[in-house]
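Visitor: No sequence on hand, only this structure:
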């Protein structure tokens, strides 16, 4: 598979290194508007490929219009959150301009390509990209990373292997994300049954808060997040490339006319392969349903603000 990575900063470069180890990857097409970063990352990846004995061709581009023949794009380009005080939503306008430019450039030279949007605020940015590209396969990584964080927190607090935990975070990748406690299973047992059986306890409020603040907490300490996103995003790519049809909480186009005027990208557990879908039916509580609706509204507002910014820029 030929994979394009648009933006090779902290998340893009970490994700690219992770993908370098994937057996289905034949070519990596890297693009960044900062030449010294682009060429340094490409050189390092060639060193890594040699050490790992991976015959992966690595191409470099300073302009999106130079890229052609790519099967799948991972778009991380944009202005990052440099501090925890900067919300993902605040980035919407300027990053929407980048999404629009890419959406109007990439499809014509890469027919049939699939697009995975990572740029924050990721759900609104995927909606912007789809609007201007009119491509069918446009997803955002949505709550894939948040779900991994949720699993990690539950496993840590219950002292169980992370592989024994099943759970999902849905809605917005941002302040309105919804950790679905009703979806939690430990070794196949519903959480409440597991707790009753083992006598263990878990502070749901604390865990939910740690999941929601994980990104800001890590950025405050080391200035970036990279390994967690790279792992989560690689799982999404692998499920698509190998048609694994895993159930992942990614954001796809969703429309509830009672909440939004137009479709926006919202996370929910969905089957991920060369095609996306169907969405998985999960019984959730009334409280979770209300929180999910709030998340949809939040994404819609961010999306509308992004479009308003683009209109003013014209």
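Guide: Perfect, I can see it now. This is a predicted model, so every value here is computed, not measured. Numbers count the residues shown, from 1 in each chain.
Visitor: quick one: average confidence on stretch 60-73?
Guide: Averaging pLDDT along stretch 60-73 gives 97.
Visitor: Can you give the contact residues for it?
Guide: 1-6, 29-33, 35, 38-39, 42, 101-102, 105-106, 109-110, 112-116, 237, 240-241 (CB atoms under 8 Å, 6 or more residues apart in numbering). (C-beta placed from N, C-alpha, C; glycine too.)
Visitor: make it 6 Å
Guide: Stretch 60-73 is touched from outside by 1-4, 29-31, 35, 38, 42, 102, 105-106, 109-110, 113-115, with contacts defined as CB atoms under 6 Å, 6 or more residues apart in numbering.
Visitor: If any of these are buried, put those into a PyMOL selection.
Guide: To isolate the buried members of the contacts of stretch 60-73 in PyMOL, using 16 or more other CB atoms under 10 Å:
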select buried, resi 1+2+3+4+29+30+31+38+42+102+105+106+110+113+114+115
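Visitor: in the top helix by length along the chain, what counts as buried?
Guide: Selection of the longest helix in the chain by residue count, based on DSSP state H, yields helix 286-313. Within helix 286-313, the residues scored as buried using 16+ other CB under 10 Å are 288, 291-300, 302-307, 310.
Visitor: what residues are up against the residue nearest to residue 133 when sequence neighbours are not counted?
Guide: In space, and not counting its chain neighbours, residue 133 is closest to residue 103: 3.7 Å by CB to CB, 6 or more residues apart in numbering. Residues near residue 103 by CB under 6 Å, 6+ apart: 129, 132-133.
Visitor: swap in residue 180?
Guide: With CB under 6 Å, 6+ apart, residue 180 has these contacts: 168, 170, 284, 288.
Visitor: Go through the residues you listed and flag which are in strands.
Guide: Applying DSSP state E to the contacts of residue 180, the entries found in strands are 168, 170.
Visitor: those strands in this protein, which residues are they?
Guide: 2-6, 27-31, 57-61, 72-75, 114-117, 138-140, 165-170, 178-186, 189-190, 246-254, 264-272, 276-279.
Visitor: Would you mind finding the most buried of these?
Guide: Greatest average neighbour count among the strands of the chain goes to strand 138-140 (a mean of 28), per mean count of other CB atoms under 10 Å.
Visitor: What mean pLDDT does that one get?
Guide: Computed over strand 138-140, the average pLDDT equals 98.
Visitor: Ok, stretch 171-185 next?
Guide: Mean pLDDT, computed over stretch 171-185, is 97.
Visitor: What of stretch 229-242?
Guide: On average, stretch 229-242 scores 98.
Visitor: and that stretch, how far out from the chain's middle?
Guide: 10 Å (CA atoms, centre = their mean, to the nearest Å).
Visitor: Buried residues, it. List them.
Guide: 229-230, 232-241.
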